[in-house]
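Undergrad: heads up, no residue letters with this:
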């Protein structure tokens, strides 16, 4: 099993990157937020999940151990494979995903490509007890326990903004403001 890899990024081609470790280039699939936090030629450590199938061997990489654990919980859900789990983690930051599961927010989870309402409901039912009380550690991955911030995020998504854009727009905004004030401040940040 390959638990972590530390090396230099030689190529970024979302959702895949090449991490060179001692002269060997590893192809690693990562969630999109990982790409926004790193740059080519940077030396990083990725927490990895190694999957072996009859016709495929694949590495999945994450910036934090928390993301890796959440990924592993997601692929335990019947009908959710690694690609769909990466899509979920690309659509929702780990802290926000845990919030959605605890709040049973089927609509926000089902906005992930490849996830319908039934799959989102199944995911919530299967993961609610397993992720209850989970603390997410790492860069920009704090769970938001503020209803106004979550409502503002949902409103921005319904306006057509992507997860990456929303993260940038909401960065540095006081989440104790009202939903309307958060949305106005986020739109000014755009």
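TA: Everything's here; your move. What you see is a predicted model; the values in this text were computed from it and never measured.
Undergrad: Which residue, neighbours along the chain excluded, lies closest to residue 7?
TA: Once flanking residues are discounted, residue 7 sits nearest to residue 21: 3.7 Å by CB to CB, 6 or more residues apart in numbering. Quick note: C-beta positions are derived from backbone N, CA and C, even for glycine.
Undergrad: where's that neighbour relative to residue 59, distance?
TA: For residue 21, the distance to residue 59 (CB to CB, to the nearest Å) stands at 11 Å.
Undergrad: Who has more neighbours out of these two?
TA: residue 59 (18 against 13; other CB atoms under 10 Å).
Undergrad: hang on, the earlier thing: mind listing what the residue nearest to residue 7 touches?
TA: 5-7 (CB atoms under 8 Å, 6 or more residues apart in numbering).
Undergrad: Highest neighbour count among those residues?
TA: Busiest of these [other CB under 10 Å] is residue 7, holding 20 neighbours.
Undergrad: quick one: secondary structure of that residue?
TA: Recorded secondary structure, residue 7: strand (DSSP: H, G, I helix; E, B strand; the rest coil).
Undergrad: mind checking how far it is from residue 71?
TA: Distance of residue 7 to residue 71, computed by CB to CB: 20 Å.
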